[in-house]
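Asker: Generate a structure from the sequence data that follows.
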Amino acid sequence: MATITEVQRLGIVLMGFGLFFLLFGVLLYFDTVLLAFGNILFLAGLTLLTGLRRTTQFFFQRQKFRGTFFFLGGVSLILCRWPIIGMIVESYGFVLLFRSFFPTTLDLLLSAVNIPFLNTLNGMSTETQ
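Answerer: A predicted model of the protein is given here:
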């Protein structure tokens, strides 16, 4: 089993707080300050969790350039106080960046908990391939 360093633990905590502030910012009718704070905490936590080199390699791969552009563009729109448009652009970039992780995450959820709705979705996705 892999050991987690103190810096990685701090990264996990920062990512958790970042996601909390993002969710709370959306629930409070797209509060710009909470969304901006959540984005900054999430990116800082991701950097501490994976390391600066691996983070930059992930975001600046040639095939992920469009996702990076939309994700960071959405973050900058939020920082410029356009929260609704920024969240839409950022969400699109997030999907483009992390779409390769979605099947793995779904398989992990299905193996951890037997949820009938997710099993139906997984069956539909394997039939179309």
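Asker: any idea what sits nearest Gln8, other than its immediate chain neighbours?
Answerer: Spatial nearest neighbour of Gln8, excluding adjacent residues (C-beta to C-beta, 6 or more residues apart in numbering): Leu49 at 5.4 Å. For every residue, glycine as well, the C-beta is placed using N, CA and C.
Asker: tell me which residues of the helix or strand hosting the one you found are tucked away?
Answerer: For Leu49, the host element (DSSP states H and E) is helix 32-50. For helix 32-50, a neighbour-count test (16 or more other C-beta atoms under 10 Å) marks 32, 34-49 as buried.
Asker: what residue ranges in this protein score low on pLDDT?
Answerer: In the predicted model, the chain carries pLDDT under 70 at residues 1, 109-110, 112-129.
Asker: For this protein, which segments count as helices?
Answerer: Counting by DSSP state H, the chain has helices at residues 6-27, 32-50, 52-59, 65-79, 83-98, 102-112, 116-128.
Asker: Could you find the closest non-adjacent residue to the spatially most central residue of the chain?
Answerer: In the chain, the centroid-proximal residue (C-alpha atoms, centre = their mean) is Phe94; its distance is 5.9 Å. Ranked by C-beta to C-beta, 6+ apart and with sequence neighbours excluded, the top spatial neighbour of Phe94 is Phe71, at 5.8 Å.
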